[in-house]
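Q: when you get a sec, could you give me coordinates for this:
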Amino acid sequence: MTYDPDNIFAKILRGEIPCHKVYEDEAVIAFMDLMPQGTGHTLVVPKAPSRNLLDADPGTFGALFAATQKIARAVKQAFKADGVVIMQFNEAAAGQSVYHLHVHVIPRFEGVPLKPHTGQVEQQEVLAANAEKIRQALASSSSVLEPQQ
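A: A predicted model of the protein is given here:
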């Protein structure tokens, strides 16, 4: 399979579709999932085009997973979560529905199950408020930005 430059994440990267962005650098962008499986569900997406982990340039992974760690720490702090799930799917049989490499970061809370991925779009006000919480966590905490010793 080849990379489709018209996938929804490619369109977001080109600014053709809006998103609730929480982080961006030269290599990645992170934004709220429109159909969250939990409060604060965030996607970390490399700017380099690839369908998934199986065909990505290995040079993509360093920046992608460094940003994933940064976002995971911020999400955990922003929502006072008990833990964080990191998920990454490759091909339809594994659950991939958008064919641009991306990582899901979902805060988890004891006793609260993940919602199913039903296609239900979250209210824009909720996504905007959650994005702001994550941006504040990124801006306010050096422990979010620096590796833990």
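
Q: show me what counts as buried in whichever helix in the chain runs longest.
A: Ranked by residue count, the top helix of the chain under DSSP state H comes out as helix 60-78. Buried residues in helix 60-78, counted by 16 or more other C-beta atoms under 10 Å: 60, 63-65, 67-78. Placement of C-beta: from N, CA and C, glycine included.

Q: elements contacting it?
A: strand 21-24, strand 28-32, strand 42-46, strand 83-87, strand 103-108, helix 124-140, helix 142-145 (3 or more C-beta pairs under 8 Å, 6 or more residues apart in numbering; DSSP states H and E).

Q: cutoff 6 Å now
A: In terms of contacts (3 or more C-beta pairs under 6 Å, 6 or more residues apart in numbering; DSSP states H and E), helix 60-78 is packed against strand 28-32, strand 42-46, strand 103-108, helix 124-140, helix 142-145.

Q: would JSON lines of the ones you listed with mean neighbour count, mean pLDDT and distance to Thr2 be doable?
A: Shown next, in JSON lines, are the helices and strands packed on helix 60-78 (neighbours: other C-beta atoms under 10 Å; pLDDT from 0 to 100; distance: least, C-beta to C-beta, whole Å):
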{"stretch": "strand 28-32", "mean neighbour count": "23", "mean pLDDT": "98", "distance to Thr2": "22"}
{"stretch": "strand 42-46", "mean neighbour count": "25", "mean pLDDT": "98", "distance to Thr2": "17"}
{"stretch": "strand 103-108", "mean neighbour count": "23", "mean pLDDT": "98", "distance to Thr2": "22"}
{"stretch": "helix 124-140", "mean neighbour count": "16", "mean pLDDT": "97", "distance to Thr2": "31"}
{"stretch": "helix 142-145", "mean neighbour count": "13", "mean pLDDT": "49", "distance to Thr2": "37"}
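
Q: including distance to Asp55, could the ones you listed go into a markdown table?
A: Below are the helices and strands packed on helix 60-78 laid out as a markdown table (distance: least, C-beta to C-beta, whole Å):
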| stretch | distance to Asp55 |
| --- | --- |
| strand 28-32 | 17 |
| strand 42-46 | 12 |
| strand 103-108 | 16 |
| helix 124-140 | 29 |
| helix 142-145 | 31 |
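
Q: mind checking the ones you listed for the one nearest to Gly95?
A: Closest approach to Gly95 among these is made by strand 103-108 (9.9 Å; C-beta to C-beta).
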